[in-house]
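Enquirer: for reference, the sequence and a predicted model appear below.
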Amino acid sequence: SPEGLFLRPLDSLEARLIEGSEGTVYSPFFSPDGESVGYLDTFSRQLKRVPVRGGLSVPLSEASAEILNIGGASWGADGTVLYGRREGIFRVPDDGGTAELVVPARDAESISNPTALPDGDSILFSTTTASGVARWDQGAVVVQSLSSGIRTVLVRGGSDARYVPTGHLVYAQGDALLAVPFDLDRLEVTGEAARVVDGVSRAGGGDFLQPTGTAHYAIAANGTLAYVAAGAQIGPDRRLGLVDAGGDVELLDMRSQPYLNPRVSSTGQVAVETLSDDGTSAVWLYDLDGTRAIRPLAQQEGNNSRPIWTPDGTRITFTSDRSGAPGIWWQPADGSGAAEQLTEAEQGTEHWPTSWSPDGRTLAYTVSARNAPEESAIWTLSLDRPGEPELFYDVPGSPEDGALFSPDGNWLAYWSREITGDNQVWLQPFPRTGANRQRLTEDGGTYPLWSRNGRQLYYRRAFSTTAGGPALNGIDVELATSPAWGTERTMPPEGFLVFNWHRDYDIAPDGRFLMVFPADADSAAAPERLAVNIVLNWFDELTRLVPVD
């Protein structure tokens, strides 16, 4: 089916593609008169506008890789478009032009969902300095004057706020919408907040674990509310299971926990991370033969995450913040020795180990901006030159992540968003030569994984029309001076869970996939379709639930 923006009138069951918007697009927003739609075009890396009736799309901004990290956008009555980026809030004329930074982000601050208030001078937006899965619920809704620069906190614990003409601010917290009385003249909250809608889907949240400040809802000036229902929620607890070539699943005899990043050693041991609701992470060990129960890795301090094994299966390498910014450590898996630090992250960054070379002498890892994984690059560290890491590959404005050494040690597979704006799997020689870089995928992919013999490369697709949910693809690869590869194919596993910015599967010594499943695995068998709920005359309900003096 085609990709792009679709329009469906409320009195029709049919949606039509808006001509001119074809491609991979995100963050749509209407013009004040409802005659045009703005959106992010990932291929051209631009904000664009297109008439709702269809026609020529018009760029609103210059092409920029940084704009792919957009944090929401809105179209003001003054003929300008506001959008959030890592650097802060930008403003651009709605007929195109040079974007202007109007609200710079403060230190360690993330900003999203800017919208202009009717006074023409004040911008309403969300901000957070927290980390973890609930980071936006630990943030604030604020208003800032463009003329004076004065910022006022309106709501603590929420994001994605909208002003509505009933005299309310509506904002998101968890999977609910809340409303609070708001005096537009004084720019002050004048009462207590109350829940007004439950079960609203959050962008990038849920089982994807990449929290954003955006909730899927919209409010029209005539009082119509539209929102994406959260649907059946997958709880935080999960199971691990082994999946064979036919797709049959054997769930491991482990208690349910919030598992992430499972990794299997060459000797049949599992290392896996757990992530609690407050963002605390820990590493656990389990033997596939079932001889010992799951147990925590010894000597853990602070937050510990993203475990990987050394090739001989004796040591675990992981990210830890025990000495400050999250750097990379390793230690014997049996607890016989102390943890040692391998890399020291600069403030505002974090390091994620991804792969050891087959000889166990070189580590590939990702360096990412803290709370902004879209800004990430691939580095390597040789144990023969400790303290002298080397940049392997980086494209500004594009994430490069998931680097995995091939079984012969001569290649690194990784994923990047560098060319089309879509995630694709790439292959480069190691050490890097600057030549013979190969793109393996055509229709997108992330987090490659080599088969143990190096003849197949697997990678994750976020969605598959055949599986009706996340999919695992595979491709045959012949490694040589100039590699050759076959046709992409969808692998049998279904019903597993995926998490943004994490490789959530591995291969056991017997060739089966180790994957993450819901605690109630039956709930993965038939993913529930998302639904858009429409509430007419919603302002009547809003003023009843939250009276305004």
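Expert: Sure, I can see it. Residues are numbered from 1 along each chain as shown.

Enquirer: and G84, bridged to which residues?
Expert: Here G84 shows beta-bridge partners I89, assigned using DSSP bridges.

Enquirer: mind checking how far it is from P332?
Expert: Going from G84 to P332 by CB to CB, to the nearest Å gives 45 Å. Using the backbone N, CA and C atoms, a C-beta is placed for each residue, glycine as well.

Enquirer: the two: who's more crowded?
Expert: Each of G84 and P332 has its neighbours counted (other CB atoms under 10 Å); G84 has more, 27 against 16.

Enquirer: dump the host helix or strand of L542 to PDB, keeping only the CA atoms.
Expert: Assigned by DSSP states H and E, L542 belongs to helix 538-545. What follows is helix 538-545, C-alpha atoms only, in PDB (Å, rounded to 0.1, in the frame of the first residue of the first chain):
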ATOM      1  CA  TRP A 538     -16.400  17.500  23.400                       C
ATOM      2  CA  PHE A 539     -16.200  21.000  24.900                       C
ATOM      3  CA  ASP A 540     -19.500  20.400  26.700                       C
ATOM      4  CA  GLU A 541     -17.900  17.400  28.500                       C
ATOM      5  CA  LEU A 542     -14.700  19.300  29.200                       C
ATOM      6  CA  THR A 543     -16.400  22.200  30.900                       C
ATOM      7  CA  ARG A 544     -18.600  19.800  32.900                       C
ATOM      8  CA  LEU A 545     -15.500  17.900  34.200                       C
END
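
Enquirer: quick one: list the elements packing against that helix.
Expert: Applying 3 or more CB pairs under 8 Å, 6 or more residues apart in numbering; DSSP states H and E, one finds that helix 538-545 contacts strand 194-198.

Enquirer: give me the buried positions along the strand it packs on.
Expert: Within strand 194-198, the residues that qualify as buried are V196, V197, counting by 16 or more other CB atoms under 10 Å.

Enquirer: and the contacts of it?
Expert: If you take CB atoms under 8 Å, 6 or more residues apart in numbering as the criterion, strand 194-198 is touched by 170, 175-180, 217, 225, 227, 541-542, 545-546.

Enquirer: go on, stretch 136-144?
Expert: 103, 110, 112, 117, 122-130, 132, 150-159, 161, 169, 171-174, 187, 211-213.

Enquirer: can you check stretch 276-284 too?
Expert: Against stretch 276-284 from outside (CB under 8 Å, 6+ apart): 131-135, 236, 257-258, 260, 271-275, 294-297, 300, 303-305, 307, 316, 318.

Enquirer: in strands only, show me those.
Expert: 260, 271-275, 295-296, 304-305, 307, 316, 318 (DSSP state E).

Enquirer: lowest-confidence one in the residues you listed?
Expert: Scanning the ones in strands among the contacts of stretch 276-284 for pLDDT, the low point is L275. It has 82.

Enquirer: just checking, it touches S305?
Expert: Yes - L275 is in contact with S305 according to CB atoms under 8 Å; the separation is 7.4 Å.

Enquirer: which of the contacts of strand 194-198 count as buried?
Expert: Using 16+ other CB under 10 Å as the threshold, V170, D175, A176, L177, L178, A179, V180, Y217, L225, Y227, L542, V546 are the buried ones among the contacts of strand 194-198.

Enquirer: would TSV of those with secondary structure be doable?
Expert: Converted to TSV, the buried ones among the contacts of strand 194-198 look like this (DSSP: H, G, I helix; E, B strand; the rest coil):
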residue	secondary structure
V170	strand
D175	coil
A176	strand
L177	strand
L178	strand
A179	strand
V180	strand
Y217	strand
L225	strand
Y227	strand
L542	helix
V546	coil
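
Enquirer: and these as TSV, adding pLDDT?
Expert: Listed next are those as TSV, based on pLDDT from 0 to 100:
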residue	pLDDT
V170	97
D175	86
A176	92
L177	96
L178	97
A179	97
V180	97
Y217	95
L225	96
Y227	94
L542	96
V546	95
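
Enquirer: in CSV, list those residues along with distance to S406.
Expert: Formatted as CSV, the buried ones among the contacts of strand 194-198 follow (distance: CB to CB, whole Å):
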residue, distance to S406
V170, 51
D175, 42
A176, 47
L177, 48
L178, 51
A179, 55
V180, 55
Y217, 45
L225, 52
Y227, 46
L542, 58
V546, 59
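
Enquirer: now stretch 258-267: buried residues?
Expert: Those would be P258, Y259, L260, N261, P262, R263, V264, S265, for stretch 258-267 by 16+ other CB under 10 Å.

Enquirer: for stretch 432-445, same thing?
Expert: Quick answer for stretch 432-445 (16+ other CB under 10 Å): R432, Q438, L440, T441, G444, G445.

Enquirer: and the closest residue to G335 other than its chain neighbours, how many neighbours?
Expert: In space, and not counting its chain neighbours, G335 is closest to A298: 3.5 Å by CB to CB, 6 or more residues apart in numbering. For A298, the neighbour count with other CB under 10 Å is 16.

Enquirer: F392 should be in a strand, yeah?
Expert: Yes - remark: F392 belongs to a strand, assigned using three-state DSSP.

Enquirer: residue contacts, it?
Expert: By CB under 8 Å, 6+ apart, the contact list for F392 reads A364, A377, I378, W379, T380, A403, L412, Q428, F430, R432.

Enquirer: pick out the most distant pair among those residues.
Expert: Farthest apart among the contacts of F392 by CB to CB are A377 and F430. That separation is 15.4 Å.

Enquirer: neighbour count winner among these two?
Expert: A377 (22 against 19).

Enquirer: next, the contact list for the more buried one, please.
Expert: Contacts of A377 (CB under 8 Å, 6+ apart): T366, V367, L391, F392, Y393, D394, E400.

Enquirer: just list whatever residues bridge to the fifth one.
Expert: Read it as Y393. I378.

Enquirer: pLDDT score for it?
Expert: For Y393, the predicted pLDDT is 95.
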